[in-house]
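Fold the following, please.
(one chain, ligands or ions: 1)
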Amino acid sequence: MGRELKKSGALRLERVRIAVGRMTAVEPESLRFCFEACVKDTPMDGARLDIVDVPVTGRCSRCTEEFRMDDLSSPCPACGASSIVRLTGTELKVVSISAA
Ligand SMILES: [Zn+2]
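Numbers count the residues shown, from 1 in each chain. Alright, predicted model coming up:
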């Protein structure tokens, strides 16, 4: 039994991948700093944090064109409609975790 516990304790997380949408106003560098502070002295200590920058994209509710929104007030590039449904850009989530 003691051996089993030791075995599971040997599992170390190697890499954590997090998707951060542009709309979240989360600074990748401060996220990295928090991550390192949080994982210290845990099995995740030393794990690498990969931050995936997710652009803001939207879909036109008139012609269903999907496009990247660098400017949130920009109209649909295909038909010029201003009724846009936002698709991505607000996520803040763990995409994958890999263990060593
Ligand atoms: Zn359109």
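
Residue 35: helix or strand, and which one exactly?
Element membership of residue 35, judged by DSSP states H and E, is helix 28-39.

what residues does that helix touch?
Helix 28-39 is contacted from outside by 16, 18, 20, 44-47, 49, 51, 53, using Cβ atoms under 8 Å, 6 or more residues apart in numbering. All C-beta atoms are positioned from the backbone trio N, CA, C, and that covers glycine.

Tell me what angle the next helix or strand after that helix forms with helix 28-39.
Next helix or strand after helix 28-39 toward the C-terminus (DSSP H and E): strand 48-54. Orientation check (axes from the mean of the first three to the mean of the last three Cα atoms, to 10 degrees): strand 48-54 against helix 28-39 gives 140 degrees.

So for the helix or strand following strand 48-54, mean pLDDT?
For strand 48-54, the following helix or strand on the C-terminal side (DSSP H and E) is strand 57-60. On average, the pLDDT along strand 57-60 is 96.

I'd like to know which of the contacts of helix 28-39 are buried.
Neighbour-count burial (16 or more other Cβ atoms under 10 Å) applied to the contacts of helix 28-39 gives 16, 18, 20, 44, 47, 49, 51.

Same list (these) but as TSV, adding pLDDT.
Listed next are the buried ones among the contacts of helix 28-39 as TSV, based on pLDDT from 0 to 100:
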residue	pLDDT
16	91
18	95
20	95
44	79
47	90
49	93
51	95
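
Export those residues to a markdown table and append columns for distance to residue 26.
Supplementary listing: these in a markdown table, determined by distance: Cβ to Cβ, whole Å:
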| residue | distance to residue 26 |
| --- | --- |
| 16 | 15 |
| 18 | 9 |
| 20 | 5 |
| 44 | 19 |
| 47 | 19 |
| 49 | 12 |
| 51 | 9 |
